[in-house]
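> Just need the structure, nothing else, for what follows:
(chains A and B)
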Amino acid sequence: MGSIKRISKELTELTESPPEGIMVELADESNVYEWRVKMDGPEGSPFHNGKFLVKLSLPTEYPFKPPTVSFATKIYHPNVTNDEKGSMCLGMLRADEWKPSSKIAAVLQFARQLLAEPMPDDAVEGRIAEQYKNDRTRYEEVAREWTRKYAC
Amino acid sequence: MNLQDFLAMEEGRDRDELIDLRSLDLVSEYDSHLMCPICHCPFVEPVRLQCDHVFCGSCLSSAITTFRSADSEEFPCPSCRNPTQEVSASVPRLLINMCDEIRVRCPLITEGCQEIIPRGHVQSHVEKYCGYRLLPCPDGSCDQMTRSKDVGMDQKCIHRVRRCPHCEEDVLEHEYEEHERELCPVLEVTCVDCETVVTKGALREHIESCPEVAIPCTASKYACPVKIRRADIAEHEQSCPIVAMGPYFETQNTRLKSLESSMRHLQQRNEIFEDGLANIRATLVESTRLGANSNSGGQPTQSGREQQSSARADVDTDDPADIAASVFSSNATTYLLSLHESLREEVSQLSHAITDLDVRASMAIMNECLRIKEDIAHTNAAVNSVRMQVQWLMNPRLHQGARGGAVRTNTTDNESSAAGPSHAAGQTLGPLRPRRPSDGGREGTKL
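Numbering: from 1, shown residues only, chains lettered A, B, ... in the order given. The predicted structure follows:
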């Protein structure tokens, strides 16, 4: 009930004044709980020039439960699972970290920031995190390669 | 109150209010601090936590039910996650007022209400004043809704349809009368003037053009009394002198109107000027008063007092209106300047008088001093002579006392020596005479 009102309010705000590099729409006009976000790879990162499709799904208990963020576009990143789910590990989205006062805009901006600065200590893909820490050039090469292959 | 009480209170709150304040269409911008972090709307019945974070009561209660782990006594604040046990319903009045001030559209805009009202008044507006609120039809058998402004005094159902017996059209009850009187396209009526038969709907149109209807001459507003059939009016207007005068009257009328409007304009300006004049007059009178008063302020000398009383008399005898009149006969500034000059003169006169008095007073004091000095000298001399006499009188006795009564023969000798200056006698008799501390001083004066 209350959640729909708040979600539609945030959706209007996001569509009227979208944050840099983020475009938001509903995956299905009749369902406000599933969002489709188009995210531009941030400048200065190996994902620059890539366009990533991010799925944001909101629980019905929103804003008391956190939304989940997953990458529909394949991405080479220590904090995104390298499977068909592409779920993203975001500190603020963990159930015990989530605060109802956080906004979706903040979540999306945080996710985009994570593309520029991965957090290898918080990684879901240990191998990529290892590579990010020890062999940065190789990591950036592969990430750029994947971006060109999947996100252009 | 603790969490249990708060939840119970929120539970028991009357939720069947007409309006959901959160879904209102806000017209005015509001400060982002007035936004509940949970529902992202301006606070509705806000409550406060121990950590000073404020939320809507209902938002907080659903947050508590979601976050609290199985009836524990505390739960994390939705903003800062500080554990909280107490919920306080006392929120600063200011906050509530600011939320109530936010202007919103009447939620019955869908029904046509265009009002924009403060949010705090929405409830009462919809309940009492909004004419677009839908009420069940006063007739119990009718299941339609009626706008509250359409429910008249007579409490009749307006939805009942009546079939017009003439045109077979279905007309709503409250519109039927009008329909029968004017709108029905079938009912016919005869024109009273030309006896043509027309339908009711077309009657008005017909009267506009019927050649038999008596209409007034176009110059009727300039007092042409003629009122004849439309067919003949053209002929009359050809010969009517007043019609011929018409254009002239017209121009005169417009001139009069423009003159009137300009006069009204001038009157307004005049009023403004008069107001200003009255203001200036009042300030001037006030300042004259003040000047007179300060003149008499701190002069306690006699001449000052005289001046003051005379000045006051001047002011008192002059009626303020007289002053004002004299003021306005000349320029106000000149008047003020002259006033200033005269005041300056008065002040200098006063200072002269003061110095004069000063000199006189010091002279008098000096005179008095001299007189008193003289007096003191006289008194001193008198005292001395008295002393001398006393000593002279005392000497024989002292001599007697010292020698015992034996030397009676010496009395004459003693008397002769006492007649001389007593100084020698005093010295010779020194040890016998009781001496007082001040004696030395006396002797000094004597010498």
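> So what's the model's average confidence on the lengthiest strand in chain A?
For chain A, the longest strand by residue count, based on DSSP state E, is strand A:31-40. In this model, strand A:31-40 has an average pLDDT of 88.
> residue ranges with poor pLDDT in the stretch 101-250 of chain B?
B:139-140, B:151-160, B:173-174, B:183, B:185, B:201 (pLDDT under 70).
> Could you give the residue of it that lies closest to chain A?
When scored by Cβ to the nearest Cβ, the stretch 101-250 of chain B has B:P107 as its residue closest to chain A, at 13.9 Å. C-beta coordinates here come from the backbone N, C-alpha and C atoms, glycine included.
> rewinding a little: if you count neighbours, what's buried in the longest strand of chain A?
A:V32, A:Y33, A:W35, A:V37, A:M39, A:D40 (16 or more other Cβ atoms under 10 Å in any protein chain shown).
> What is the nearest of these to chain B?
A:V32 (14.0 Å).
> nearest spatial neighbour of that closest one, skipping sequence neighbours?
Counting by Cβ to Cβ, 6 or more residues apart in numbering or on different chains, A:V32 lies nearest to A:I7, which is 4.9 Å off, once chain neighbours are set aside.
> Point to the residue nearest the middle of chain A.
Ranked by distance to the mean C-alpha position of chain A (Cα atoms, centre = their mean), the top residue is A:A111 at 4.3 Å.
> same check, this time on chain B
Central residue of chain B (Cα atoms, centre = their mean): B:N279, 18.6 Å from the mean position.
> My reading is that it lies in a strand. Confirm?
No. Under DSSP: H, G, I helix; E, B strand; the rest coil, B:N279 sits outside any strand and is assigned helix.
> re the thing from before, what about the residue of the stretch 101-250 of chain B closest to chain A, how many residues close to it?
Neighbours of B:P107 under the rule other Cβ atoms under 10 Å in any protein chain shown: 21.
> Surely it touches B:R22?
No. Look at B:P107 against B:R22 with Cβ atoms under 8 Å: they stay out of range, at 11.2 Å.
> can you map out the helices along chain B?
Under the criterion DSSP state H, helices of chain B are mapped to B:3-12, B:57-67, B:93-101, B:122-124, B:173-178, B:200-209, B:230-239, B:241-295, B:302-317, B:320-329, B:332-403, B:411-419, B:422-429, B:439-446.
> elements contacting the longest strand of chain A?
helix A:2-16, strand A:22-28, strand A:51-57, helix A:104-116 (3 or more Cβ pairs under 8 Å, 6 or more residues apart in numbering or on different chains; DSSP states H and E).
> Relative to A:K74, which of these is closest?
strand A:51-57 (9.2 Å; Cβ to Cβ).
> mind checking how far the closest one is from the chain centre?
6 Å (Cα atoms, centre = their mean, to the nearest Å).
> Show me what the next helix or strand along the chain from that strand is packed against.
Following strand A:51-57 in sequence order, the next helix or strand is strand A:68-71 (DSSP states H and E). If you count contacts as 3+ Cβ pairs under 8 Å, 6+ apart, strand A:68-71 packs onto strand A:51-57, helix A:104-116.
> repeat that with 6 Å
Applying 3 or more Cβ pairs under 6 Å, 6 or more residues apart in numbering or on different chains; DSSP states H and E, one finds that strand A:68-71 makes contact with strand A:51-57.
> Who does B:T190 form a beta bridge with?
B:V197 (DSSP bridges).
> now A:K51
A:D40.
> what about it, neighbour count?
16.
> rewinding a little: off-centre distance for the longest strand of chain A?
10 Å.
> ok, now stretch B:21-31?
Counting by Cα atoms, centre = their mean, stretch B:21-31 comes out at 33 Å from the chain centroid.
> what's the answer for stretch A:29-36, then?
Per Cα atoms, centre = their mean, the centroid offset for stretch A:29-36 relative to its chain is 16 Å.
> which outside residues touch it?
The contact list for stretch A:29-36 (Cβ atoms under 6 Å, 6 or more residues apart in numbering or on different chains) reads A:I4, A:I7, A:S8, A:E25, A:A27, A:L56, A:S57, A:L58.
> Kindly provide the distance from the closest residue to A:E25 other than its chain neighbours to B:N331.
Computed as Cβ to Cβ, 6+ apart, the closest residue to A:E25 that is not its neighbour in sequence is A:R36, at 5.4 Å. According to Cβ to Cβ, to the nearest Å, A:R36 stands 82 Å off from B:N331.
> wouldn't A:L58 be in contact with A:P67 here?
Yes. Counting by Cβ atoms under 6 Å, A:L58 does reach A:P67; the two are 4.6 Å apart.
> dump the residue contacts of the residue in chain A positioned nearest to chain B.
Nearest residue of chain A to chain B (Cβ to the nearest Cβ) works out as A:S101 at 3.2 Å. A:S101 makes contact with B:P37, B:P78, B:S79 under the criterion Cβ under 6 Å, 6+ apart.
> burial count for B:I38?
Counted by other Cβ under 10 Å, the residues lying close to B:I38 total 23.
> before we move on, the earlier item: how far away is the nearest residue to the residue of chain A closest to chain B once chain neighbours are set aside from A:Q113?
Distances taken as Cβ to Cβ, 6+ apart place B:P37 nearest to A:S101, at 3.2 Å, with adjacent residues excluded. B:P37 is 22 Å from A:Q113, where distance means Cβ to Cβ.
> more crowded one of those two?
Neighbours of B:P37 and A:Q113, each counted by other Cβ under 10 Å, are more numerous for B:P37; the result is 19 against 11.
> As TSV, the contacts of stretch A:29-36 with distance to B:I372, neighbour count and pLDDT would be great.
Output for the contacts of stretch A:29-36, formatted as TSV (distance: Cβ to Cβ, whole Å; neighbours: other Cβ atoms under 10 Å in any protein chain shown; pLDDT from 0 to 100):
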residue	distance to B:I372	neighbour count	pLDDT
A:I4	110	13	82
A:I7	108	20	88
A:S8	108	12	85
A:E25	115	12	87
A:A27	119	14	82
A:L56	112	20	89
A:S57	116	14	89
A:L58	111	22	89
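> Select, from those residues, the two members most distant in space.
Maximum distance among the contacts of stretch A:29-36 (Cβ to Cβ): 16.9 Å, for A:I4 and A:E25.
> Output the longest strand of chain A in CSV with nothing but the alpha carbons.
This file holds the C-alpha atoms of strand A:31-40, laid out as CSV (Å, rounded to 0.1, in the frame of the first residue of the first chain):
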residue,chain,number,x,y,z
ASN,A,31,4.3,-3.6,-12.1
VAL,A,32,6.1,-0.9,-10.1
TYR,A,33,8.3,-3.5,-8.3
GLU,A,34,10.4,-4.4,-11.3
TRP,A,35,12.7,-1.7,-12.7
ARG,A,36,15.0,-1.7,-15.6
VAL,A,37,18.0,0.6,-15.3
LYS,A,38,20.3,1.5,-18.0
MET,A,39,23.7,2.3,-16.6
ASP,A,40,26.6,3.9,-18.5
